[in-house]
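[1] test case, fold it:
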Amino acid sequence: MQKNKFLIIFSIAILIVSITIELKAEELTLKDTANYLLKNSSQLKNATNDIELSNLDLNLAKKGLSPEVTLQASYTRLGEAPETPTEYVFLETGTTEFQGFTVPKYQLIPVEFEEVSQDNYNTTLSVNKPLYLGGKVKNSIKLSEKVVDLNKLRYEQTLNNTLNNLIQAYFNVLIKEDLVDIQKNSLILVNSHLENVRKNYEAGLVIKSDLNQVKIEVNKTKQSILSAENDLKIAKKRLADLLKLDSNDYTLKKPEIPKFNKELDFLLEKAYRNRFEVRSILLNQEIQDINKKLENTLYKPSFFLRGNYSFEGSNLDFNNGNLTMTVSGSIPLYDGNKSKIKQKKIELEKKSLDNNLSQIKDSIATEVMAALYKIDQNYESFNIAKENEQQAVENYNQAVNRYKNGVKTSLDVIRAETNLKQIRISKNQTYKQYLISIYNLLYQTGTLNNYFEEVILNESK
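    Numbering: from 1, shown residues only. Prediction:
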């Protein structure tokens, strides 16, 4: 009997543990959310489709010198078998003048016929093969390759921007979680103070307005908790939408501080090498060079080989067909100076790209410097906030002790607690902003996606 009771208790315990495990919220790291993003982002999927489309265009460009083969065939069945003449007679029909002489005229009259087949087959096989197109195919392939590179670059830019949005949403949830925790901790302190005031009121040491004032502060704190919890739910929902998660029942793990180099020259060199705006301009410059070469091929000759084999008869027999082969060439002589105008347009566009490149580099330098300064600012602000928290804790403890000793009022304790709460909120937000500013530096140098690739690879080993 005791053994059965033990088995029942053990089974219930196993069931409770399994249910607890199932109900436990999923804990996500920043790497986990990045993986979800890579799998589910519609923007990244669209960017990947653009790469595939440009690869298809590249394959089409490589087929520029491929032959085109066309087969045309027809079959006709006559309702009645036609007849064809087999023997003729000459019938004199009169005379006519020919070179000064009078000569008789004759008419050829069929006198015997035979039936031919009711079936008629007509087949033509044509082959058209470009032999030389003046370099158009070669340059078209190069142009298509650059378009593939440009779409790959756009994918990297989309990934970098999407990861930056992920970081903002991720840390927004962490900030809201901290705010909820601070408000709940504040409620504990205010409730503790309420018990002290209630005891003093029951002992006749304070008036009822003091007790009511603390009760009001308790209700205010409860309202702040409700507001903070709602803000947290919204922040978690936005992150879940970004990751295409079905549930908001998850917790986030605080990420580690990324390592980074604070040397400005090093960061600028990395930004100029990796920022998508710079790489895009350089690619477009190469594309314009190829377009200019394509315009230069306008007056080069083109040669084609055309072959044609045709057959017609009552039987499907290809042995007695007609074969023709033609080599043709053409060269444009005049296009109304359109090519020269297009070349001038290309040169002007290249100059605009050069001007844009200089302007973009100046803008990147400013953004990188601002990101670097923001890191230092947030770090110093965080250290100041830590010192302020220590002093606020001391002030709060002193206010509580003095209130117990009758030196301070209840309002002084509430003020000290409110000040402590605000400083703790500021400290936590400043620390999160410090981490965000480090990720922003990676974003401004165009290496945010590279950082996540390294994190994902390292954590998957």
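
[2] list the contacts for the nearest residue to residue 433 once chain neighbours are set aside?
    Distances taken as CB to CB, 6 or more residues apart in numbering put residue 378 closest to residue 433, at 4.9 Å, once the chain neighbours are dropped. Any C-beta I mention is one placed from the backbone N, CA and C, and that applies to glycine too. Taking CB atoms under 8 Å, 6 or more residues apart in numbering as the criterion, residue 378 is in contact with 430, 433-434, 437.

[3] could you redo the last one with a cut-off of 10 Å?
    Shown in contact with residue 378 (CB atoms under 10 Å, 6 or more residues apart in numbering): 429-438.

[4] how about those residues, which pair is most distant?
    429 and 438 (15.3 Å; CB to CB).

[5] for residue 38, give me the pLDDT.
    pLDDT recorded at residue 38 is 87.

[6] would you check that it makes contact with residue 155?
    No. Look at residue 38 against residue 155 with CB atoms under 10 Å: they stay out of range, at 11.3 Å.

[7] neighbour count winner among the two?
    residue 155 (20 against 16; other CB atoms under 10 Å).

[8] residue 308 belongs to a strand?
    Yes. Assigned with DSSP: H, G, I helix; E, B strand; the rest coil, residue 308 falls within a strand.

[9] and it, how close does it get to residue 129?
    Noted for residue 308: a distance of 12 Å to residue 129, by CB to CB, to the nearest Å.

[10] and what of residue 427?
    Counting by CB to CB, the gap from residue 427 to residue 129 is 76 Å.

[11] and if you look at residue 331?
    Residue 331 is 19 Å from residue 129, by CB to CB.

[12] more neighbours, those two?
    Shown here are residue 331 and residue 129; by other CB under 10 Å, residue 129 has more neighbours (15 against 11).

[13] for that one, name its beta-bridge partners.
    According to DSSP bridges, the partner residues bridging residue 129 are residue 305.

[14] residues contacting the residue positioned nearest the centre of the chain?
    Residue closest to the average C-alpha location in the chain (CA atoms, centre = their mean): residue 44, at 2.6 Å. Contacts for residue 44 (CB under 10 Å, 6+ apart) come out as 37-38, 155, 158-159, 162.

[15] need those residues in CSV (columns: distance to residue 202 and secondary structure).
    Below are the contacts of residue 44 laid out as CSV (distance: CB to CB, whole Å; DSSP: H, G, I helix; E, B strand; the rest coil):
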residue, distance to residue 202, secondary structure
37, 58, helix
38, 62, helix
155, 70, helix
158, 66, helix
159, 64, helix
162, 60, helix
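
[16] one step back: list residues touching both of residue 38 and residue 155?
    44, 449.

[17] can you map out the helices along the stretch 201-350 of the chain?
    208-243, 264-274, 276-296, 338-404 (DSSP state H, counting those that start in this stretch).

[18] starting at the chain centroid, how far to the last one?
    Same thing as helix 338-404. 24 Å (CA atoms, centre = their mean, to the nearest Å).

[19] following it, which helix or strand comes up?
    Downstream of helix 338-404, the first helix or strand assigned by DSSP states H and E is helix 410-444.

[20] hey, what's the angle from that next one to helix 338-404? Just curious.
    On the basis of axes from the mean of the first three to the mean of the last three CA atoms, to 10 degrees, helix 410-444 is oriented at 160 degrees to helix 338-404.

[21] for the protein, which spans come out with low pLDDT?
    1-25, 316-318, 455-461 (pLDDT under 70).

[22] returning to that earlier point: write the PyMOL selection for whichever of the contacts of residue 378 are buried.
    Restricted to buried positions by 16 or more other CB atoms under 10 Å, the PyMOL selection for the contacts of residue 378 reads:
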select buried, resi 429+430+431+432+433+434+435+436+437+438
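
[23] state the distance from the residue nearest to residue 433 to residue 390.
    Taken as CB to CB, the span from residue 378 to residue 390 is 19 Å.

[24] check residue 291 too.
    Where residue 390 is concerned, residue 291 sits at a distance of 66 Å (CB to CB).

[25] between those two, which is the more surrounded one?
    residue 291 (18 against 10).

[26] the more buried one is in contact with residue 298, isn't it?
    No. Between residue 291 and residue 298 there is no contact under CB under 10 Å: 12.0 Å.

[27] what do these two both touch?
    Common neighbours of residue 291 and residue 298 (CB under 10 Å, 6+ apart) are 342-343.

[28] contact partners for residue 350?
    284-285, 287-289, 291-292.

[29] which of these are buried?
    Buried, going by 16+ other CB under 10 Å: 284, 287-289, 291-292, out of the contacts of residue 350.

[30] want to throw these into CSV with distance to residue 149?
    Below are these laid out as CSV (distance: CB to CB, whole Å):
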residue, distance to residue 149
284, 11
287, 9
288, 14
289, 14
291, 15
292, 18
